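Chemist: pasting the sequence and the predicted model now:
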Amino acid sequence: MLNESLKTVVADRILPCVQTPAQYVGGEWNAVVKDHRGLRGTLCLAFPDAYSIGMSCHAVQVLYDLMNRREGWACERAFAPMEDMERLLRENGLPLWSLETFTPLACFDVLGFTLQYDLCYSNVLTMLDLGGMPLLAEDRTMDHPLVVAGGPGTANPEPMSRFIDLFVLGDGEQSLPEVCELWVELKSRMRATAGLRMGATAGLPSSASLGNATNTAGQTGSGTQDIEQSGSGTRDIGQASSGVQPEREAILAEMAARLPYVYVPRFYRPEYGADGRATVPRPIRGELPALITPAVVEDLAEFPPPAAPVVPFVECVQDRIAVEIMRGCPGGCRFCQSTTLKRPLRFRSIDSIVQSAVEQYRNTGYNEISLLSLSSSDYPDFDVLVRRLHEIFRPLHVGVSLPSLRINEQLRVVGEVLNTDRHSGLTLAPEAARDDMRRRIGKPITNEDLYAGCRRAFENGFSRVKLYFMCGLPGESESDLEGIIEMAETISQLGKEVRGRLADVTAAVSNFVPKPQTPFQWHAMQRRDYFRWAHDFLFQRKKMRSVRLQCHKIEASLLEGAICRGDRRMGEAIELAWRGGARFDAWSEKIQPELWWRAIAESDIDVEKILHLPYPGDAALPWDHIGIRQGRAYLERACRAADQLAADN
Ligand code: SF4
């Protein structure tokens, strides 16, 4: 049910003054709007970036569909407001709302963040604050929603641990509903036994200001005037403490004990070595595990893909049908966090994929289908799947795009299945330009295969190639950097041999970050000076105008490294940076690195120790309490294997 009073104020006062107002009003095709009255619980999925990015996140669509199909639950969405909207919300004392019912975030039972990348963390704070939530988990009472977070950010949850009540590790399909159900069950049991003074409906904060500003769950708001009277801004909303912190603590403790994939930071004490570096946090309650294990959906068929995803009104990063065909990757690239976080390897059946694509096509009208996976080449009967999709969708003029094919496979099928998309060029990720470096990083392809494949691509009509590389990899030498330019220029030249004119080649070079939960996690990240030198070196070596070189911003990479490898102390820096104005840090035009470095320094964090000093192989790491399917022993073996290859060279 709609919070009409808030919607009216927003429509009258706010929307005419912001860019792309359609991103804030919901009402999209296939959006689900439920009356909150009589429901068991409400969940708001909060994506800490702009609507156009969040709506392209497959996990949001999957969890939204899953929770809305669940009887007794309403699942809604919220995204980070752009700066113009944030300013107006603060000026007008309005809360951030969910798109479906204009419900302030503080009025939900559960607020679920997806942490897809490290540079979105400041936006989490914006959403909490504007949503009417205390920033710090320890300041929340039973009147506030449970704040959970999942996604790749859980690989090292410590930097965000002061803001999040509970992290959910692994696959969300099974774990999120269990977490939501248990929270409302324990909360109502607690309320019944302890006689807590709660709102008439689950999750409704009891503060007077909130009651006036919202219309959730049958509580009738008294309109614009009341919203204005909340006066001191959105922070009033939901922040009235009823002093029930111990009850919240007790429920969180029970959840942590009952759900093996749940990490509640307040029950783990951070520990530090004699050198000041953080080691692994330890549980402070005997019943809690030292190692938290991720949730795994063993059979994907239990959770069919969404049949009717929400279709945005505004242009998004991905405007197409997305069907997950498999989860996990058998690859062992030693820099790759996805392969360790997404294990084991699981497949959807061809029939279920085709059925999902057909249903989504009927329910959305999109004219492109994207098959999602980390490594589509490893899908059994991949050719059969693609042929079946083409049989159905070619006559409808619906294209099928196949991202994440292994290079060899991509090049093998270049003339067959990729022929719908020649104009956008061929995208390959060799990551390193020399075979020996590629063996070290665990990417088993050769330059010979690559060149042969590009030749075939040019013969099949392609004229553009984009290549992704990394610089700063462990053991990198000048010849590895030289190789990047050499490979890009050789491929451009191949285009001339085959097609009579130089091919346009883009070499996109990112700066290697040794991510937690990867075999390279013990390695150091290169320093600023090295990256500056390496980028200059690459630009000096490049001779051909047909080759374009794009080097990723050094400061953004360093910051990403510092945050993702940070320990619990990083939370203070995140808050300081946010208070200083950090917003949308993943956007290259918005990130303010100097502001971040100042916040990190003021928090007494030694970036040198976090980022630029390697760890000994037997060191306990600040994220070692977070388990992965293969175990730490696998990472150690893979790291040693890479180091051995480097030593043998
Ligand atoms: S193939 Fe891709 S997803 Fe798989 S391990 Fe390598 S980089 Fe990761």
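Modeler: The structure has been received and is ready for your questions.

Chemist: okay, CA-based contacts and neighbour counts for the rest of this
Modeler: Fine.

Chemist: contacting residues around the spatially most central residue of the chain?
Modeler: Centroid check for the chain by C-alpha atoms, centre = their mean gives Q116 as the closest residue, at 1.0 Å. Taking C-alpha atoms under 8 Å, 6 or more residues apart in numbering as the criterion, Q116 is in contact with 151-153.

Chemist: would you map the strands across the stretch 451-600 of the chain?
Modeler: Ranges of strands in the stretch 451-600 of the chain, per DSSP state E, counting those that start in this stretch, are 464-471, 504-511, 547-551.

Chemist: nearest to L169, of these?
Modeler: Shortest separation from L169 across these is recorded for strand 504-511, at 27.0 Å, computed as C-alpha to C-alpha.

Chemist: which residues touch that closest one?
Modeler: Residues from elsewhere that reach strand 504-511 (C-alpha under 8 Å, 6+ apart): 463-472, 484-485, 488-489, 491-492, 531, 546-552, 554, 557.

Chemist: picking up where we left off before, so which of the contacts of Q116 wins on neighbours?
Modeler: Counting neighbours by other C-alpha atoms under 10 Å, G153 comes out on top of these with 22 neighbours.

Chemist: that one in helix, strand or coil?
Modeler: The local conformation at G153, judged by DSSP: H, G, I helix; E, B strand; the rest coil, is helix.

Chemist: next: the one 10 residues further on.
Modeler: With three-state DSSP as the basis, the three-state label of F163 is coil.

Chemist: walk me through the domains of the protein.
Modeler: For the chain, automatic domain parsing gives the domain ranges 4-18+34-260, 320-399.

Chemist: chain neighbours aside, what residue packs nearest to A256?
Modeler: Computed as C-alpha to C-alpha, 6 or more residues apart in numbering, the closest residue to A256 that is not its neighbour in sequence is V262, at 5.6 Å.

Chemist: could you list the low-pLDDT ranges of the stretch 1-150 of the chain?
Modeler: Along the stretch 1-150 of the chain, segments meeting pLDDT under 70 span 1.

Chemist: can you give me the helices in it?
Modeler: Assigned by DSSP state H, counting those that start in this stretch, the helices in the stretch 1-150 of the chain fall at 4-9, 51-54, 58-69, 83-92, 121-130.

Chemist: phi, psi of the residue in the stretch 351-500 of the chain positioned nearest to the ligand?
Modeler: In the stretch 351-500 of the chain, the residue that lies nearest the ligand is L374 (4.6 Å; C-alpha to the nearest ligand atom). Geometry field for L374 lists phi and psi as phi -80, psi -30, criterion degrees, to the nearest 10.

Chemist: just checking, it touches G328?
Modeler: Yes: L374 lies in contact with G328 (C-alpha atoms under 8 Å); the separation is 6.4 Å.

Chemist: give the residues shared as contacts by these two.
Modeler: Both L374 and G328 are in contact with 338-339, where contact means C-alpha under 8 Å, 6+ apart.

Chemist: tell me which of the two has more neighbours.
Modeler: L374 (22 against 19).

Chemist: ok, now which ones touch that one?
Modeler: Taking C-alpha under 8 Å, 6+ apart, we find L374 in contact with 326-329, 338-339, 404.

Chemist: pLDDT score for it?
Modeler: What the model reports for L374 is a pLDDT of 90.

Chemist: distance of it from D139?
Modeler: Using C-alpha to C-alpha, to the nearest Å, one gets 39 Å for the distance from L374 to D139.

Chemist: who in the stretch 201-350 of the chain is up against the ligand?
Modeler: Applying the criterion C-alpha under 6 Å from any ligand atom, the portion of the stretch 201-350 of the chain that neighbours the ligand consists of 329, 331-333, 336, 338-339.

Chemist: what's the closest of these to D143?
Modeler: The nearest member of those to D143, counting by C-alpha to C-alpha, is S338 at 36.1 Å.

Chemist: give me every residue that touches that closest one.
Modeler: S338 makes contact with 152, 328, 374, according to C-alpha under 8 Å, 6+ apart.
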